[in-house]
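K.L.:
Curious how this folds, go ahead:
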Amino acid sequence: MTNWRNFPLGTRAPGWSILVRLLVGLVVFFPEGIQKLAFPDVLGVGRFANIGMPYPDLMGPFVGGVETICGALIVLGLLTRLAAIPLIAIMIVAIASTKVPILLGYDFWIFHVPKLSRYGFWSMLHEAHADFCMLLGSLYLLIEGGGKWSLDALLSRDRPVPRSM
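P.N.:
Down below sits the predicted model:
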């Protein structure tokens, strides 16, 4: 019988997956989330308003909070698969809202093109490399889980069932 904890907590990834967790959680999402909350005019509400994000006063702190919490969970390797899901959604929106206008060279849907020295495919790839790395890293964590050296692995181990007398 499959343990109910195996889906969200189970992992088949090696211990070295901690490197992906540190990249995704500690290097990018956790500090970026804190910065969106600490510097809202530049990285949170203000930035969201500049790119055309709807409801920037709500979305800036919301995204900052999600990035901070999910980034911390990924660093710990706790509920890694579940924490990766909102981060994947954030990266898809980030690519659509900031990189597609660069690719096109003009506003896309409700999103505004930033002022850059060049536009098009190569400019978009240059600007999007970290976004694509975070998207792929988060997808890896969704598929493989937190790895052998995670709280998920520790919590999903089958414990011996005490015998009844």
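K.L.:
going forward, measure contacts between C-alpha atoms and count neighbours the same way
P.N.:
Will do.
K.L.:
Please work out which residues outside the lengthiest helix in the chain touch it.
P.N.:
For the chain, the longest helix by residue count, based on DSSP state H, is helix 121-144. By CA atoms under 8 Å, 6 or more residues apart in numbering, the residues outside helix 121-144 that reach it are 11-13, 20-21, 24, 28, 80-82, 84-85, 87-88, 91-92, 94-95, 99-100, 102-103.
K.L.:
again, but for stretch 64-75
P.N.:
By CA under 8 Å, 6+ apart, the residues outside stretch 64-75 that reach it are 18, 21-22, 24-26, 28-37, 44, 79-80, 83-84, 86-87, 146.
K.L.:
Distance-wise, check Thr68 relative to Ile18.
P.N.:
Using CA to CA, to the nearest Å, one gets 18 Å for the distance from Thr68 to Ile18.
K.L.:
Revised request: answer the last question for Ile92.
P.N.:
Distance, Ile92 to Ile18, using CA to CA: 23 Å.
K.L.:
circling back to that earlier point, show me what counts as buried in the longest helix of the chain.
P.N.:
123-124, 128, 131, 134-135, 137-142, 144 (16 or more other CA atoms under 10 Å).
K.L.:
Now those in JSON lines, please, with extra columns for pLDDT and distance to Asp107.
P.N.:
Output for these, formatted as JSON lines (pLDDT from 0 to 100; distance: CA to CA, whole Å):
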{"residue": "Ser123", "pLDDT": "95", "distance to Asp107": "15"}
{"residue": "Met124", "pLDDT": "96", "distance to Asp107": "14"}
{"residue": "Ala128", "pLDDT": "95", "distance to Asp107": "17"}
{"residue": "Asp131", "pLDDT": "97", "distance to Asp107": "19"}
{"residue": "Met134", "pLDDT": "97", "distance to Asp107": "24"}
{"residue": "Leu135", "pLDDT": "98", "distance to Asp107": "23"}
{"residue": "Gly137", "pLDDT": "98", "distance to Asp107": "28"}
{"residue": "Ser138", "pLDDT": "98", "distance to Asp107": "28"}
{"residue": "Leu139", "pLDDT": "97", "distance to Asp107": "28"}
{"residue": "Tyr140", "pLDDT": "97", "distance to Asp107": "31"}
{"residue": "Leu141", "pLDDT": "97", "distance to Asp107": "33"}
{"residue": "Leu142", "pLDDT": "95", "distance to Asp107": "32"}
{"residue": "Glu144", "pLDDT": "94", "distance to Asp107": "37"}
